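>>> Sequence plus the predicted model coming up.
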Amino acid sequence: MLTDHVKLAAIFVQGLRDADWEVSEEVIVERRGGAPGADRWRAAARELVARRVSALVAGDHAAARAAREATDAIPIVAIDFEGDAIGSGFVRSLARPGGNVTGFFCDFGDAMSELTKALRAAVPKARQLLALTDGEATEIQARALLETARALDLAVDTVALGAAGPEALVDRVAAARVALVVLASPRLESEASRLAKRAIRRKMASAGAFIRYAHAGGLLARGPSLPDTFRRAAAMVDRVLRGARVADIAVERPPRFELVINLKTAAALELALPSGLMSASQHIVR
């Protein structure tokens with residue numbers, strides 16, 4: 001199992017137990033981790049393939065790519081396809097993947113629409129957004145955000161995370177007096193705490209395209225419910241272990257998306273959030 005998230009791995013294991021597998025007896029689950037963008041993902045994937053495991057579960061798109069590079073025979077359940085499973089070459093179609101990979105993809109058009117609407121409701125005076133991107137990993141998200149913002153009559157610029165460091169980027173955004181949207185990639189998620197805290201210091205509203213951003217101190221975030229997704233991943237692996245061909249297991253959307261609002265951050269930014277936005281949220285960080 002290729003994932004860094006201990007709690008999510010535990011949820012996955014419980015999902016197998018719920019499917020009547022005796023974990024550690026009938027099924028052995030091994031977890032491997034890797035730093036975002038590091039060769040550790042490839043090393044972990046090659047190791048597990050060499051051991052002839054029955055299935056690989058990739059916890060993010062970097063792990064999914066490493067697993068796919070390591071094998072075209074062992075079934076792979078990918079939690080994230082970078083938004084376009086077909087365009088990325090993982091599957092032939094969503095309904096019939098046709099190879100050794102299936103899993104979950106995000107509808108970034110819908111996700112970005114809801115995230116942008118939530119940010120505008122929280123900061124109604126905002127007329128310009130700046131999206132923090134990370135190369136190809138966020139290309140589809142950035143395109144969806146630009147389309148959504150255009151429909152809402154919002155101007156959007158993009159800036160790539162680079163050598164300048166997250167604090168310098170936030171300072172640049174704050175000087176322009178715009179709201180910040182942090183797109184989702186392993187590298188950007190690893191910088192969530194630094195980005196969110198710097199945004200608060202600069203009195204700037206910021207939102208993330210992944211749930212952890214709000215928990216790290218961002219004003220709000222919207223993304224897939226990872227616990228629900230890992231439970232569904234266990235159900236997919238259950239089907240594989242019982243003989244289903246992964247080529248015939250349809251790619252799914254994550255079971256549920258969540259809007260998370262950080263009230264402590266709203267207070268620090270002196271924002272009075274509208275009741276409609278509060279009632280629409282699935283989780284409040286206090």
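Great, that's in hand.
>>> Would you map the helices across the stretch 101-250 of the chain?
Assigned by DSSP state H, counting those that start in this stretch, the helices in the stretch 101-250 of the chain fall at 108-122, 139-151, 166-175, 186-190, 192-201, 212-215, 226-241.
>>> Out of the ones you listed, which gets nearest to V49?
Shortest distance between V49 and those, using Cβ to Cβ, is found for helix 226-241: 15.4 Å. From N, CA and C alone the C-beta is placed, and that goes for glycine too.
>>> Mind checking what helix or strand follows the closest one in sequence?
Per DSSP states H and E, the first helix or strand lying C-terminal to helix 226-241 is strand 257-262.
>>> can you pull the buried residues of that following strand?
The neighbour-count check on strand 257-262 (16 or more other Cβ atoms under 10 Å) flags F257, E258, L259, V260, I261, N262 as buried.
>>> What of stretch 7-19?
L8, A9, I11, F12, V13, G15, L16.
>>> In strands, which of the residues you listed fall?
With DSSP state E as the criterion, strands contain none of the buried residues of stretch 7-19.
>>> so the lowest-mean-pLDDT helix or strand in the chain versus helix 192-201, what angle?
Every helix and strand in the chain was compared by mean pLDDT, DSSP states H and E; the lowest is helix 166-175, with a mean of 72. If you take axes from the mean of the first three to the mean of the last three Cα atoms, to 10 degrees, helix 166-175 sits at 30 degrees to helix 192-201.
>>> who does helix 166-175 touch, helix- and strand-wise?
Packing partners of helix 166-175 (3 or more Cβ pairs under 8 Å, 6 or more residues apart in numbering; DSSP states H and E): strand 128-133, strand 155-160, helix 192-201.
>>> right, and the ones you listed - which one's nearest V29?
Closest approach to V29 among the helices and strands packed on helix 166-175 is made by helix 192-201 (27.2 Å; Cβ to Cβ).
>>> Packing partners of the closest one?
Helix 192-201 packs on helix 166-175, strand 179-182, strand 206-208, helix 212-215, helix 263-268, going by 3+ Cβ pairs under 8 Å, 6+ apart.
>>> tilt between it and strand 257-262?
Going by the same axes, to 10 degrees, helix 192-201 is angled at 50 degrees with respect to strand 257-262.
>>> next one: helix 192-201 to chain centre, how far?
Centroid separation for helix 192-201 versus its chain: 19 Å, with Cα atoms, centre = their mean, to the nearest Å.
>>> cool, stretch 103-110 as well?
Centroid displacement of stretch 103-110 relative to its chain, using Cα atoms, centre = their mean, is 10 Å.
>>> From V246, how far out is L183?
Taking Cβ to Cβ, to the nearest Å as the measure, L183 falls 29 Å from V246.
>>> Which one's more surrounded, these two?
Using other Cβ atoms under 10 Å as the criterion, L183 and V246 rank with L183 on top: 26 against 22.
>>> quick one: which of the buried residues of strand 257-262 is nearest M236?
Set against M236, the nearest of the buried residues of strand 257-262 by Cβ to Cβ is F257 (19.0 Å).
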